[in-house]
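All I have is the shape, not the residue letters:
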Ligand SMILES: O=C(O)[C@H]1O[C@H](OP(=O)(O)OP(=O)(O)OC[C@H]2O[C@@H](n3ccc(=O)[nH]c3=O)[C@H](O)[C@@H]2O)[C@H](O)[C@@H](O)[C@@H]1O
């Protein structure tokens, strides 16, 4: 009742405003006029937004992504093309020319450098987004530049740019590592996973399928596709249909998408299921990295444990072993069979686990870091949150051993020692600020 009364006494429709000689009449008129002005602005603003927005803002990039500085690349011109050609130039007999997407990323930088070292042609592509500290990506870029690898700044969803790169260089291979990584962040920004890991993958494959010659593609899948599996070690033959995170689901979708492009267009495709890769120049969003930072700063760290004090463990795999696996996958990849966008025969389709085959509990990882840093961690034991993490991972690598000659040789203690040495050099004993 009282609400009805209130409505009657205070008409909200501006035209219906009745002028009354009451002490409240002037403020009420002002109030209505203010409202009218406000809504007029909103209306005109909306018209401007929908009709006069720039073409780039009409792209299907979600707003939370545009905030993450997905700059559209400016490219072209003879000097730029010369740079692209020089970077992709093969300098060894039987060398290959590889487009490495995500080249300023952790694995991308190491793979690009290794390919360049052995005389292959390498061109990088990266959008330098700010999922984690972009200055680290810039430092990796500088490192690659010194070895002669140029990174084109652009997004894998930019099909025109990808086509242009293939017009300039007939790449024999694509090492597709650009992705939205991280298991837990998928709950915060789900669309970024769809954008990079699904739409981005499709746009790379679309361009590859139409390229002449078609390249062979090796790309990053993830151990997370094993999801809630309990049978260990994880084998490529095991089911992968109950992912625990959207991240895992997008990687699993990638494997199915790879099947389609191989089946329809004759693209040679190899997916590599990486198991928690760590090492120098690593990703600051990963536990070993931010544990190191927080131990040095004297901040507490959360160590997850499963129900009934169950151990949470990972098959941590050192970057140099992963790089060897990536190069072996490139070297054993058969040619794609299609041309002119049409399949001419059956094409190779492979998936391999690249792990270390010796899972280590997260609490042991922390103990190793404590010894290396000569500092005690402030440990907070927490229940494994239900945000995508699985309790353990453990790779069966026999397929990669047989077919790629993959043979990891770095244990966690040795690998973390190298990481910590790099970390202290790069951040200066943790005094330099890190994200
Ligand atoms: O192997 C993979 O497929 C995946 O490996 C990592 O994912 P994850 O193994 O979860 O790596 P971290 O985020 O570094 O976590 C390592 C371990 O530390 C634990 N953790 C993490 C964070 C934390 O605060 N405390 C904690 O105990 C996690 O539960 C996990 O067991 C990468 O982040 C993914 O991009 C990659 O695809």
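Nice, I can see it. All values reported here derive from a predicted model rather than from experimental measurement. Numbers count the residues shown, from 1 in each chain.

Just give me how far stretch 122-133 sits from the chain centre.
9 Å (CA atoms, centre = their mean, to the nearest Å).

tell me the mean pLDDT for that stretch?
For stretch 122-133, mean pLDDT is 98.

in that stretch, what counts as buried?
122-129, 131-132 (16 or more other CB atoms under 10 Å). For every residue, glycine as well, the C-beta is placed using N, CA and C.

need the strands for the stretch 201-350 of the chain, in chain order.
216-222, 269-274, 277-278, 300-305, 313-314, 317-318, 349-354 (DSSP state E, counting those that start in this stretch).

can you put these in CSV and add distance to the ligand and mean pLDDT?
Shown next, in CSV, are the strands of the stretch 201-350 of the chain (distance: least, CB to the nearest ligand atom, whole Å; pLDDT from 0 to 100):
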stretch, distance to the ligand, mean pLDDT
strand 216-222, 3, 98
strand 269-274, 6, 99
strand 277-278, 7, 98
strand 300-305, 4, 98
strand 313-314, 5, 98
strand 317-318, 8, 99
strand 349-354, 10, 98
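
For residue 318, give me its contacts.
Going by CB atoms under 8 Å, 6 or more residues apart in numbering, residue 318 touches 277-279, 356, 408, 410, 412, 414-415, 418.

Beta-bridge partners for residue 378, please?
Counting by DSSP bridges, residue 378 is bridged to residue 300.

Who are the contact partners of it?
By CB under 8 Å, 6+ apart, the residues touching residue 378 are 295, 298-301.

didn't residue 416 look like it was pressed against residue 288?
Yes: with contact defined as CB atoms under 8 Å, residue 416 and residue 288 form a contacting pair (6.8 Å).

joint contacts of the two?
In contact with both residue 416 and residue 288: 278, 365, 369, using CB under 8 Å, 6+ apart.

which stretches of the chain aren't confidently modelled?
1-73, 429-435 (pLDDT under 70).

Contact residues of it facing the ligand?
Residues of the chain lying near the ligand by CB under 6 Å from any ligand atom: 181-183, 222-224, 274-276, 286-287, 302-304, 312, 314, 362, 389.

For the buried ones among the contacts of residue 318, write the corresponding PyMOL selection.
To isolate the buried ones among the contacts of residue 318 in PyMOL, judged by 16+ other CB under 10 Å, type:
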select buried, resi 277+278+279+356+408+410+412+415+418
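
Narrow the contacts of residue 318 to those in strands?
277-278 (DSSP state E).

Turn the contacts of residue 318 into a markdown table, columns for distance to residue 83.
As requested, the contacts of residue 318 are exported to a markdown table (distance: CB to CB, whole Å):
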| residue | distance to residue 83 |
| --- | --- |
| 277 | 29 |
| 278 | 32 |
| 279 | 29 |
| 356 | 37 |
| 408 | 36 |
| 410 | 35 |
| 412 | 39 |
| 414 | 38 |
| 415 | 34 |
| 418 | 32 |
